[in-house]
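[1] Output the structure for:
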Amino acid sequence: MATVTVSLAPSPGFCVKSVTLAASECSLTPPPQPTSGTLPGRLAVPTSGTKTIPKGTKVFANIAYDANVPPPPAGSEDTIQRAMQGDDLPDADNSGGWFVPLVVPAPREDIDKAGKPSLVFDCIYHSSLKLRALKDPAFKTFLIELAFQRIEAAHGVPLARQIGTPNIKAKGALAPRSVQIPASLFPDRHPARASASGKILEVPAAATPKGILKKAGAAQTQTQAQASRDASPAPAGKRPELSWSRNALTEALTIHLAVPELTHTAITAATLDIEPRRVILSIPPLYVLDLNLDAPDEAIRAGLALSPHSAEQALMLKRQRELDVDNARAEWRVAEGRLLIHV
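    Reported below is the predicted structural model:
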């Protein structure tokens with residue numbers, strides 16, 4: 001994919017805070033260093049590298065803006081509202097829907113007011129979105145959810161949706177940086193397209209936004225999308241080993257997938273679709289799984305290229321309740337080589 005180097009000097013918009021729902025491995029970038037040295041009483045912050053982030057760690061998401069981030073494509077108000085509701089399901093190249101490019105580099109460590117370790121993500125949108133976020137609470141919530149989804153997908157840090165709004169524009173300094181962005185995200189005739197070169201991406205391409213204001217009316221659109229998937233050729237990849245568990249107290253189901261070759265880079269290209277009776281996973285070129293729990297037993301046992309153990313686990317899962325789509329969440333445990341899907 002052709003990419004272009006873009007220099008960003010983001011300006012702060014607002015800050016929200018959450019906590020991690022599970023322990024995870026995350027790559028870090030160093031925070032800006034004070035010119036006068038470490039202040040008395042302030043914890044020294046690690047430079048960079050991969051670190052285990054414990055469950056319950058406080059996470060700050062700085063929603064910021066920069067004119068050099070690709071803007072969303074032109075769209076009518078009805079199209080934007082459909083995207084916010086989750087009814088807008090574009091095709092593979094995003095030509096059929098409205099999407100929001102977003103840059104979320106690796107996080108940095110900091111401390112909260114109590115002196116406890118915390119994690120800070122800078123989530124950078126195009127400057128044109130700032131005014132609407134100030135005036136439209138639903139759109140502001142939409143941007144927050146997109147940022148959380150990108151943090152979870154690109155960096156493997158699962159976040160609670162019970163958020164706080166500290167009275168600050170940003171946690172820490174928003175440092176200038178250079179990033180690689182897919183040239184295809186920029187509008188036609190944008191200078192970035194002319195200077196594009198094929199490089200390894202530092203930041204993931206913008207994903208189609210997943211709706212957070214769900215409506216029952218989305219069923220027809222989802223059915224059409226499923227029919228399109230069924231007609232598409234199956235992607236290549238190994239089938240992950242599958243098992244599942246159920247919490248005896250809450251009846252919550254967790255699907256366990258063994259993905260020992262998973263990397264943080266691979267997550268940026270991964271897609272995971274959860275339906276009431278279906279799980280569709282693609283981590284190109286490593287893993288692929290299309291588990292239709294409404295399929296006949298023999299089709300699950302012999303038609304999915306699963307190991308005998310995984311097939312038996314899938315058959316037992318088939319006899320459980322429908323998957324909880326609205327509350328589904330995924331834990332991408334790269335260090336453990338596991339993907340946990342809570343449904």
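[2] got a list of what the closest residue to residue 262 other than its chain neighbours touches?
    With Cβ to Cβ, 6 or more residues apart in numbering as the criterion, residue 262 has its nearest non-adjacent residue at 5.4 Å, and that residue is residue 334. Where you see a C-beta, it was placed from the backbone N, CA and C, and this is true even at glycine. Applying Cβ atoms under 8 Å, 6 or more residues apart in numbering, we find residue 334 in contact with 24, 25, 156, 262, 263, 264, 267.
[3] do that again at 7 Å, thanks
    25, 156, 262, 263, 264 (Cβ atoms under 7 Å, 6 or more residues apart in numbering).
[4] For it, what are phi and psi?
    Residue 334 has phi and psi values of phi -60, psi -40 when expressed as degrees, to the nearest 10.
[5] which intervals of the stretch 151-300 of the chain have sub-threshold pLDDT?
    188-236, 248-250 (pLDDT under 70).
[6] Tell me where it has strands.
    Counting by DSSP state E, counting those that start in this stretch, the stretch 151-300 of the chain has strands at residues 177-182, 197-198, 241-246, 253-258, 271-275, 278-283, 287-292.
[7] May I see the ones you listed organised as JSON lines, with mean neighbour count and distance to residue 116 added?
    JSON lines is the format used below for the strands of the stretch 151-300 of the chain (neighbours: other Cβ atoms under 10 Å; distance: least, Cβ to Cβ, whole Å):
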{"stretch": "strand 177-182", "mean neighbour count": "18", "distance to residue 116": "26"}
{"stretch": "strand 197-198", "mean neighbour count": "9", "distance to residue 116": "43"}
{"stretch": "strand 241-246", "mean neighbour count": "16", "distance to residue 116": "31"}
{"stretch": "strand 253-258", "mean neighbour count": "19", "distance to residue 116": "28"}
{"stretch": "strand 271-275", "mean neighbour count": "17", "distance to residue 116": "31"}
{"stretch": "strand 278-283", "mean neighbour count": "20", "distance to residue 116": "34"}
{"stretch": "strand 287-292", "mean neighbour count": "20", "distance to residue 116": "36"}
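[8] Columns distance to residue 298 on top of those, output as TSV?
    Output for the strands of the stretch 151-300 of the chain, formatted as TSV (distance: least, Cβ to Cβ, whole Å):
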stretch	distance to residue 298
strand 177-182	43
strand 197-198	45
strand 241-246	17
strand 253-258	21
strand 271-275	21
strand 278-283	18
strand 287-292	13
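[9] got the contact list for the helix or strand where residue 125 lies?
    According to DSSP states H and E, residue 125 maps onto strand 117-126. Here strand 117-126 makes contact (Cβ under 7 Å, 6+ apart) with 8, 10, 53, 57-67, 69-72, 100-105, 107-112, 143, 147, 150-151, 171-172, 174.
[10] go again using 6 Å as the cut-off
    With contact meaning Cβ atoms under 6 Å, 6 or more residues apart in numbering, strand 117-126 is reached by 10, 57-66, 69, 71, 102-104, 107-108, 110, 112, 147, 151, 171-172, 174.
[11] That strand: how far from the chain's middle?
    Distance of strand 117-126 from its chain centroid, counting by Cα atoms, centre = their mean, to the nearest Å, is 13 Å.
[12] quick one: it to strand 177-182, angle?
    Going by axes from the mean of the first three to the mean of the last three Cα atoms, to 10 degrees, strand 117-126 is angled at 60 degrees with respect to strand 177-182.
[13] CA-only coordinates of strand 117-126 in PDB, if you can.
    Provided in PDB are the C-alpha atoms of strand 117-126 (Å, rounded to 0.1, in the frame of the first residue of the first chain):
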ATOM      1  CA  PRO A 117       0.900   4.800  36.600                       C
ATOM      2  CA  SER A 118      -1.400   5.500  33.600                       C
ATOM      3  CA  LEU A 119      -1.400   5.200  29.900                       C
ATOM      4  CA  VAL A 120      -2.000   8.100  27.400                       C
ATOM      5  CA  PHE A 121      -3.100   7.800  23.800                       C
ATOM      6  CA  ASP A 122      -3.200  10.700  21.400                       C
ATOM      7  CA  CYS A 123      -6.100  10.200  19.000                       C
ATOM      8  CA  ILE A 124      -5.800  12.600  16.100                       C
ATOM      9  CA  TYR A 125      -8.600  13.600  13.700                       C
ATOM     10  CA  HIS A 126      -8.800  16.100  10.900                       C
END
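[14] Quick one: list the elements packing against the next helix or strand after that strand.
    Helices and strands here follow DSSP H and E; after strand 117-126, the next one along the chain is helix 130-135. In terms of contacts (3 or more Cβ pairs under 6 Å, 6 or more residues apart in numbering; DSSP states H and E), helix 130-135 is packed against helix 137-155.
[15] Which of the contacts of residue 334 fall in helices?
    Per DSSP state H, helices hold the following members of the contacts of residue 334: residue 264.
[16] Please enumerate the strands of the stretch 1-150 of the chain.
    Under DSSP E, counting those that start in this stretch, the stretch 1-150 of the chain gives strands at 2-8, 11-19, 24-28, 49-53, 58-66, 108-111, 117-126.
[17] Mind checking those for the one nearest to residue 240?
    strand 24-28 (18.1 Å; Cβ to Cβ).
[18] The closest one: how far from the chain's middle?
    14 Å.
[19] I'd like the mean pLDDT over that strand, please.
    For strand 24-28, mean pLDDT rounds to 83.
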